[in-house]
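Visitor: no sequence for this one, just the structure:
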């Protein structure tokens, strides 16, 4: 029992650092700029639930799938970095749909929850790779893997709470502040994507860390 508790604590800290609930709030606010308050709540619930399904599924079958297709983790990291970079460019250069603020439907919220909220914001390449490593079949038993899933659920529950409280932040900064925040966070996300790609290339070529 004590070993399981220590494992849970370790996994919890690791996943908290990777998913970073507080740090994801600006990305959530930026991605849901064009939604109504009810739409943002719906997107938050659906986005977190979908991300949990993606991360759980990928952590179980991801290593088998990548191995069967002959894809290395570094290749997956680079491909994921490119996708995140393209999404970040859309955040910086794209225009939010102002009309959706008044006519935000369940379909709009669902679309935002799936992309970009669930993936790549929450279930991105970094979090997917982390779950694959934490669920390594060669090192951990099914019970230990269950502990990892429980730690993931706990972190995502905290992330959901942060998203739901984010509406208060939006009311303070206003619509223009949300648009500005969207572009700033897009720029930061683009830098993170480039760093993700360069780190994988540096590791592949045995170069010093970026």
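Guide: Right, received. Where do you want to start? Predicted, not measured: the structure shown is a model, and the values here were computed from it.

Visitor: quick one, what contacts the residue nearest in space to the middle of the chain?
Guide: Centroid check for the chain by Cα atoms, centre = their mean gives residue 122 as the closest residue, at 1.5 Å. Counting by Cβ atoms under 8 Å, 6 or more residues apart in numbering, residue 122 touches 19, 24, 47-48, 51, 55, 156, 159. Quick note: C-beta positions are derived from backbone N, CA and C, even for glycine.

Visitor: Looking at these, which is nearest residue 133?
Guide: residue 55 (12.3 Å; Cβ to Cβ).

Visitor: Could you list the low-pLDDT ranges of the chain?
Guide: 1-4, 94-107, 136-140, 175, 178, 209-210 (pLDDT under 70).

Visitor: Which elements pack onto the helix ranked longest in the chain?
Guide: If you go by DSSP state H, the chain has its longest helix at helix 142-204. Counting contacts by 3 or more Cβ pairs under 8 Å, 6 or more residues apart in numbering; DSSP states H and E, helix 142-204 packs against helix 2-19, helix 21-31, helix 37-68, helix 73-93, helix 125-134.

Visitor: That helix: how far from the chain's middle?
Guide: The chain centroid and the centroid of helix 142-204 are separated by 5 Å under Cα atoms, centre = their mean, to the nearest Å.

Visitor: got the angle for that helix vs helix 37-68?
Guide: Angle, helix 142-204 to helix 37-68, by axes from the mean of the first three to the mean of the last three Cα atoms, to 10 degrees: 80 degrees.

Visitor: Can you tell me which of the helices and strands packed on helix 142-204 is most buried?
Guide: Most buried of those, by mean neighbour count (mean count of other Cβ atoms under 10 Å): helix 125-134, with a mean of 22.

Visitor: Could you check the angle that helix makes with helix 37-68?
Guide: 50 degrees.

Visitor: how far out from the middle of the chain is helix 125-134?
Guide: For helix 125-134, the distance to the chain centre is 11 Å (Cα atoms, centre = their mean).

Visitor: and that helix, what other elements does it pack with?
Guide: helix 2-19, helix 37-68, helix 73-93, helix 142-204.

Visitor: Figure out which of those helices is closest to residue 28.
Guide: The nearest among the helices and strands packed on helix 125-134, by Cβ to Cβ, is helix 142-204 at 5.1 Å.

Visitor: May I see the helices and strands packed on helix 142-204 arranged in TSV, with distance to residue 189 as well?
Guide: As requested, those are exported to TSV (distance: least, Cβ to Cβ, whole Å):
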stretch	distance to residue 189
helix 2-19	14
helix 21-31	7
helix 37-68	16
helix 73-93	4
helix 125-134	12
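
Visitor: Taking the contacts of residue 122 together, which two end up most distant?
Guide: 24 and 55 (13.8 Å).

Visitor: For the residue nearest to the centre of the chain, give its distance to residue 20.
Guide: Distance, residue 122 to residue 20, by Cβ to Cβ, to the nearest Å: 10 Å.

Visitor: Just tell me which of the helices and strands packed on helix 125-134 ends up closest to residue 110.
Guide: Comparing these by Cβ to Cβ, helix 37-68 comes nearest, at 6.1 Å.
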